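>>> I need the structure of the sequence given here:
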Amino acid sequence: MTTLMLLPGLNCDTAVWAPQVAALKDAHCVIPAWGLRDTLTAMAEQVLAEAPTERFSVAGHSMGGRVALEVFRLAPQRVERLALLSTGTHPLAAGEAGEKERAGRMALLQIARTQGMRAMGQQWARGMVHRDRLDTPVFEQVLDMLARGSAEQYAAQINALLTRPDAGPLLPTIACPTLVLTGREDAWSGPAQHEVMAAAIPNATLAIIEHCGHMCTMEQPQAVNEALAAWLLR
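Model prediction:
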C-alpha cells in the first residue's frame, strides 16, 4: 500500500483532506499537524520524520504544496510521486508588492489576535472559495476549520510563508510523476501560475478543476479525488 503524505495549507487541519482520505482507500494517508513550526524547512523535516515508510507519495495544498517542494529538495530519493495543489513557487516579492502582502497578512493576524480566528476567517476565507460557495455549508466547514486554529499557530505559519524560498529552480529537477492542480477560479494561485509550473516539470500532468476556488479539496472533492487517484496509478 502506498504511503500518501497529505500536507495542509495555512491554518488548515485534517478537515481539508477529509474527502480524499475517505476516497483513496488504496493509500495509507498521513496528515501532519504543523504545530508552531515557523519555516517551510522545519515542516518538511517533520514530514520526513513522520513518514512511516522510506519512500512515499506527497500531496500538498497551498502552503502545503510549498512544503512538499521543500520535502523534495531535502530528500528527492524518498519521494515516489508529487502533487502540487493550489500553490506556487515564487518567493516574497521585492519592494512594494512584497510589503503589500506582508501588510495584508499582518492585518489578518491582528484580527485573529483581537477578535478571534473565526472573525479572521470571515474576512480571509471569502476570497478563498468560489463566489457561489460563500455562506454555504462548505464555507462554514472552512470557517470551522480556521476557528480550530490559534493565533500563535497562524503567526508561525505566516512567518513560514513570508520567509519562503524561491522553489522555481527546483521544478526542472523533478523526475517523479507529478500532478499540478488548481481551481479555475482560484483567485490566490490560479491556472496561469500552475500552467507555468507544469511546463517546467518534466513529468507533470496539469489539472484545472472547473467551478472551483482555492479550497479545491473541500469545494470539488470528487474531481480532486479522481485526479489524485489517476496520479497514484502512474
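>>> OK, contacts around Leu84?
59-60, 65, 68-69, 178-181, 194, 197 (CB atoms under 8 Å, 6 or more residues apart in numbering). In short, each C-beta sits where N, CA and C put it, glycine included.
>>> Can you show me the helices along this protein?
18-23, 40-50, 63-74, 95-115, 117-124, 137-148, 151-162, 191-200, 216-219, 221-232 (DSSP state H).
>>> helices and strands around the longest one, which ones?
Read it as helix 95-115. helix 117-124, helix 151-162 (3 or more CB pairs under 8 Å, 6 or more residues apart in numbering; DSSP states H and E).
>>> Looks like Ala68 contacts Ser62 (just checking).
No: counting by CB atoms under 8 Å, Ser62 is not a contact partner of Ala68; they are 10.6 Å apart.
>>> returning to that earlier point: looking at the contacts of Leu84, which one is closest to Leu171?
Ranked by distance to Leu171 (CB to CB), the contacts of Leu84 are led by Met197 at 6.2 Å.
>>> Run a quick neighbour tally on the closest one.
Residues near Met197, counting by other CB atoms under 10 Å, number 25.
>>> next one: Leu7
Counted with other CB under 10 Å, Leu7 comes out at 31.
>>> how close does it sit to Ala207?
Plainly put, Leu7 is 18 Å away from Ala207 if you go by CB to CB, to the nearest Å.
>>> repeat for Leu69
On the measure of CB to CB, Leu69 and Ala207 end up 18 Å apart.
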